[in-house]
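> dropping a prediction and its sequence here:
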Amino acid sequence: MKTAVIGAGVMGAGIAQVFAQAGHSVILYDVNPDSVHKALGLIEKNLNKGIELGKVSVEDKSACLSNISTTDSLISIQADLIIEAIVERLDVKVELFKTLAANNAPDCILATNTSSIPITQIAAAIPNPERVVGIHFFNPAHLMKLVEIVSGAHTNDSVAQRAYDFAAKLGKTPIMAKDAPGFIVNRVARHYYVEGLKTLEEKVANFDAIDRLLESSGFRMGPFRLMDLIGVETNFSVTESMYNLFYQDGKFRPSRIQKQKVDAGHFGRKTGKGFYTYNT
């Protein structure tokens, strides 16, 4: 299957790597050429780590990289399945899909990696909305097994099944989900972050202590370390979206502390500073 990934950030790079490692031809696009260059470097770094761990061979690395091509022309992209991993804004995603729909066959699957924006809202203004589906990977995409396949009100059952089967062939563990705010994982997990931030706001403990407490209770990462990994700005955007989708239900209220981090550009690992400081 010929695939394309729109958005060459951490998630887009990870998704492109997963597709390419499974033997699919992948076109990687980003509006910023520097992002594409960084994405290719990140993919190579991931593959080198896999070689060190004995999970990837040198031949596997070469084959993966050869399956990835890049472009700076959105209108030239034609594929059987196109997935976007861009900014969490409904208007931007809709405009992107309108452009892709105009230049691809009616049966091209248009997939979104959105964490919280309803698939129904994205598909509503797109020609042939029945081919719009959520394929939600989790960070880091090349390691995390779970993938949510989300059907909107328009999504054809056969399209959702094709997306499910495709994810399974990637070696992932797909699950079918309905088009509800946050789908399954982000709805359940949102309070892991929200309550951690409230505990910090109320000065019950500092962020490092909260992380250590939860990690000692069995969680692999505390909420602040995990937000830094995901991207503080991405996590905040999802919380803000869910807060609005649940009509300002107080239990989803975004944190002022997190908003300040976003305003300062402290996005976590990707910028070298979030709640923690990292060597970049």
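Great, that's in hand. Fair warning: this is a prediction, and the values are worked out from it, not measured in the lab.
> C-alpha from now on. contacts and neighbour counts both.
Will do.
> how confident was the prediction at the residue nearest to K169 when sequence neighbours are not counted?
Spatially, and ignoring its direct neighbours in sequence, K169 is nearest to A22 (7.8 Å; C-alpha to C-alpha, 6 or more residues apart in numbering). On pLDDT, A22 comes in at 97.
> these two touch, right, A22 and A168?
No - at 10.8 Å, A22 does not count as touching A168 under the criterion of C-alpha atoms under 8 Å.
> circling back: got phi/psi on the residue nearest to K169?
phi -80, psi 0 (degrees, to the nearest 10).
> likewise V150?
phi -110, psi 120.
> give the bridge partners for it, please.
With DSSP bridges applied, V150 shows beta-bridge pairing to G134, A177.
> ok, it - contacts?
Counting by C-alpha atoms under 8 Å, 6 or more residues apart in numbering, V150 touches I119, V133, G134, I135, H136, A160, M176, A177, K178, D179, F183.
> helices of the protein, start to end?
10-21, 33-52, 58-66, 90-102, 119-123, 157-169, 185-201, 207-216, 223-230, 232-245, 256-264 (DSSP state H).
> highest mean neighbour count across the ones you listed, which stretch is it?
helix 10-21 (a mean of 26; mean count of other C-alpha atoms under 10 Å).
> who are the packing partners of it?
Applying 3 or more C-alpha pairs under 8 Å, 6 or more residues apart in numbering; DSSP states H and E, we find helix 10-21 packed against strand 2-6, strand 25-29, helix 33-52, helix 58-66.
> present those as a markdown table; the columns should include distance to I230.
Output for these, formatted as a markdown table (distance: least, C-alpha to C-alpha, whole Å):
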| stretch | distance to I230 |
| --- | --- |
| strand 2-6 | 18 |
| strand 25-29 | 21 |
| helix 33-52 | 15 |
| helix 58-66 | 24 |
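> measure P223 to A209 for me?
11 Å (C-alpha to C-alpha, to the nearest Å).
> what of R131?
46 Å.
> and for F219?
For F219, the distance to A209 - C-alpha to C-alpha - is 14 Å.
> just L170 next, same as before
L170 is 38 Å from A209, by C-alpha to C-alpha.
> kindly report the same for T199.
11 Å.
> repeat for H142
30 Å.
> ditto for Q258
Taken as C-alpha to C-alpha, the span from Q258 to A209 is 17 Å.
> the residue nearest to K169 - how many residues pack around it?
16 (other C-alpha atoms under 10 Å).
> next one: V204
11.
> tilt between the worst-scoring helix or strand of the chain on mean pLDDT and helix 256-264?
Least confident helix or strand of the chain, by mean pLDDT, DSSP states H and E, is helix 232-245 with a mean of 93. Angle, helix 232-245 to helix 256-264, by axes from the mean of the first three to the mean of the last three C-alpha atoms, to 10 degrees: 130 degrees.
> for helix 232-245, packing partners?
Packed next to helix 232-245, using 3+ C-alpha pairs under 8 Å, 6+ apart, are helix 256-264.
> show me how far the helix it packs on is from its chain's centre.
Centroid separation for helix 256-264 versus its chain: 21 Å, with C-alpha atoms, centre = their mean, to the nearest Å.
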